[in-house]
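**Student:** Sequence plus predicted model, see below.
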Amino acid sequence: MGLNRQELISWYLINKRDLPWRKTKNPYKIWLSEIILQQTRVQQGLPYYWKFIAAYPTIQSLAFANEDEVLNLWQGLGYYSRARNMLMTARVINEQYDGCFPTNYNDLLKLKGIGEYTAAAIASFSFKEPVAVVDGNVYRVLSRLFDIDTPIDSGTGKKAFRFLADEVLDKVNPDTFNQAIMEFGALHCTPQKPDCNNCVLNGTCLSRVNGTISQRPVKKKKNASKQRFFVYKVFLEDDKTTIQKREGKDIWQGLYEFPLEEFDDAKKQMDYIQSCKGKTLYCSSEITHILSHQRIKTFFIYLKSEKKKEALKQGVLSVPINELHRYPVSVLTENFLKKTKSLTFFPFDQNVT
DNA sequence: AAGGCGGGGGC
DNA sequence: GCCCCAGCCTT
């Protein structure tokens, strides 16, 4: 036996963090927490969980929310399709499922935004269905314990780990066991520098014997980073400015920002800024926003009032500055607004730098 | 099967 | 500053 279930569960009961979604069987609250926790650390997700529970205590209340409201609460958390899918699913459950969550893995899987991991999490935590969760923590723990070098981002790897996870699952206590193996991965069997000397499972950890801990799990994907070049145009008239909503299948979908020009390279970006020189009241220094797979080099320029022409464009809103906070904006935009304190305090008389 | 989607933390 | 993390959807 490669995994001592009782040892793992005992470790969990002693070391587990006190988290609000672990004190409930309410599928709505568990669903919300699991969506937030996708690609998000507990510490970062906690305040968002409380905000959502306060704003939408039931799935019905969420179903009646509008998308801007939800995105506003989600602002800063990233992967915004999670929020849009959550709203869509709340409405589907409210209208087509009589307001009640499906109670098993296969039916949960049909819902938008709920994949294999989340379906297993809700089914086991809420309804004690004996189905194993396989998240990044589980991949790491199992690949080390059994010293498996199959890449976790390949089709065969996913199948193999899913099979193994179901094998080792405690079918009598699937809820506690699933929580335990993920918490163990998050707190003890960590990606870097796991504390193997004080590990309750180190007696049966094959990877430890073979000295391959730091090489597990194996992934085949490489990180490619591309550069993008943005120029945001800030128009001011009285105490209003203009913003627009991002559409299309790109980053920050559904969020608001100033009217934007995007360029293929730094030269075209700079040429554009120079071409605006006569109309420009101020140009920020370059701001580089770094994400996993892209870095966005950005300038903010204040332009004289061509605002009327700009506002005529479809989708551009004229918004009082003191109401900007009502709109969900991208971090890049949010940071800029924060940094400049208030748009009206911005230096108007500087030239392009 | 491969690519896109964010922001935070470690070093 | 650079690298790592990782579930779901779309193509």
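**Tutor:** Structure's in. What do you need?
**Student:** Stretch A:208-221 close to DNA strand C?
**Tutor:** Yes: applying C-beta under 7 Å from any atom of the strand, one finds stretch A:208-221 in contact with DNA strand C at A:K219, A:K221. Quick note: C-beta positions are derived from backbone N, CA and C, even for glycine.
**Student:** buried stuff in that stretch?
**Tutor:** A:R208, A:T212, A:I213, A:R216, A:P217, A:V218 (16 or more other C-beta atoms under 10 Å).
**Student:** Contacts made by it with the rest, please.
**Tutor:** A:139-140, A:143-144, A:147-154, A:194, A:196, A:199, A:202, A:207 (C-beta atoms under 8 Å, 6 or more residues apart in numbering).
**Student:** Please report the distance of A:R82 from DNA strand C.
**Tutor:** Applying C-beta to the nearest atom of the strand, to the nearest Å, the value for A:R82 to DNA strand C is 7 Å.
**Student:** Please name the residues that touch that residue.
**Tutor:** Contacts of A:R82 (C-beta under 8 Å, 6+ apart): A:I35, A:I36, A:Q38, A:W74, A:G113.
**Student:** now do A:K268
**Tutor:** Counting by C-beta under 8 Å, 6+ apart, A:K268 makes contact with A:F229.
**Student:** so how far is the strand or helix carrying it from its chain's centroid?
**Tutor:** Counting by DSSP states H and E, the element that carries A:K268 is helix A:266-275. Computed by C-alpha atoms, centre = their mean, to the nearest Å, the separation of helix A:266-275 from the middle of its chain amounts to 33 Å.
**Student:** Let's see it as PDB, backbone CA atoms only.
**Tutor:** Output in PDB follows, covering the C-alpha atoms of helix A:266-275 (Å, rounded to 0.1, in the frame of the first residue of the first chain):
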ATOM      1  CA  ALA A 266       7.500  49.400 -29.600                       C
ATOM      2  CA  LYS A 267       8.300  51.600 -32.600                       C
ATOM      3  CA  LYS A 268       4.700  51.800 -33.800                       C
ATOM      4  CA  GLN A 269       3.700  52.600 -30.300                       C
ATOM      5  CA  MET A 270       6.200  55.400 -29.900                       C
ATOM      6  CA  ASP A 271       5.300  56.700 -33.400                       C
ATOM      7  CA  TYR A 272       1.700  57.000 -32.400                       C
ATOM      8  CA  ILE A 273       2.600  58.800 -29.100                       C
ATOM      9  CA  GLN A 274       4.800  61.300 -31.100                       C
ATOM     10  CA  SER A 275       2.000  61.800 -33.600                       C
END
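**Student:** Identify each buried residue in it, please.
**Tutor:** For helix A:266-275, a neighbour-count test (16+ other C-beta under 10 Å) marks A:Q269, A:M270, A:I273 as buried.
**Student:** Now render these as JSON lines, adding pLDDT and distance to DNA strand B.
**Tutor:** JSON lines is the format used below for those (pLDDT from 0 to 100; distance: C-beta to the nearest atom of the strand, whole Å):
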{"residue": "A:Q269", "pLDDT": "91", "distance to DNA strand B": "19"}
{"residue": "A:M270", "pLDDT": "90", "distance to DNA strand B": "24"}
{"residue": "A:I273", "pLDDT": "90", "distance to DNA strand B": "23"}
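**Student:** on that earlier part again, the contacts of stretch A:208-221: which ones sit near DNA strand B?
**Tutor:** Among these, the ones lying near DNA strand B by C-beta under 7 Å from any atom of the strand are A:S154.
**Student:** Just the buried ones among the contacts of stretch A:208-221, please.
**Tutor:** A:Y139, A:R140, A:S143, A:R144, A:D147, A:I148, A:P151, A:I152, A:P194, A:C199, A:S207.
**Student:** pretty sure the first one is touching A:I152, no?
**Tutor:** Spelled out, it's A:Y139. Yes: with contact defined as C-beta atoms under 8 Å, A:Y139 and A:I152 form a contacting pair (4.5 Å).
**Student:** Give me the sheet partners of the next helix or strand after the helix holding A:K268 and which way each runs.
**Tutor:** Downstream of helix A:266-275, the next assigned helix or strand under DSSP H and E is strand A:280-283. Take DSSP bridges as the rule and strand A:280-283 pairs in its sheet with strand A:294-303 (antiparallel).
**Student:** got the angle between the strand it pairs with and helix A:266-275?
**Tutor:** If you take axes from the mean of the first three to the mean of the last three C-alpha atoms, to 10 degrees, strand A:294-303 sits at 10 degrees to helix A:266-275.
**Student:** re the thing from before, if any of the contacts of A:R82 are buried, give me the ChimeraX selection for them.
**Tutor:** Buried residues among the contacts of A:R82 (16+ other C-beta under 10 Å), as a ChimeraX selection:
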select /A:35,36,74,113
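**Student:** Same list, the contacts of A:R82, but as JSON lines with distance to DNA strand C, pLDDT and secondary structure please.
**Tutor:** Compiled in JSON lines, the contacts of A:R82 are given as follows (distance: C-beta to the nearest atom of the strand, whole Å; pLDDT from 0 to 100; DSSP: H, G, I helix; E, B strand; the rest coil):
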{"residue": "A:I35", "distance to DNA strand C": "8", "pLDDT": "98", "secondary structure": "helix"}
{"residue": "A:I36", "distance to DNA strand C": "11", "pLDDT": "97", "secondary structure": "helix"}
{"residue": "A:Q38", "distance to DNA strand C": "4", "pLDDT": "96", "secondary structure": "coil"}
{"residue": "A:W74", "distance to DNA strand C": "14", "pLDDT": "97", "secondary structure": "helix"}
{"residue": "A:G113", "distance to DNA strand C": "4", "pLDDT": "97", "secondary structure": "coil"}
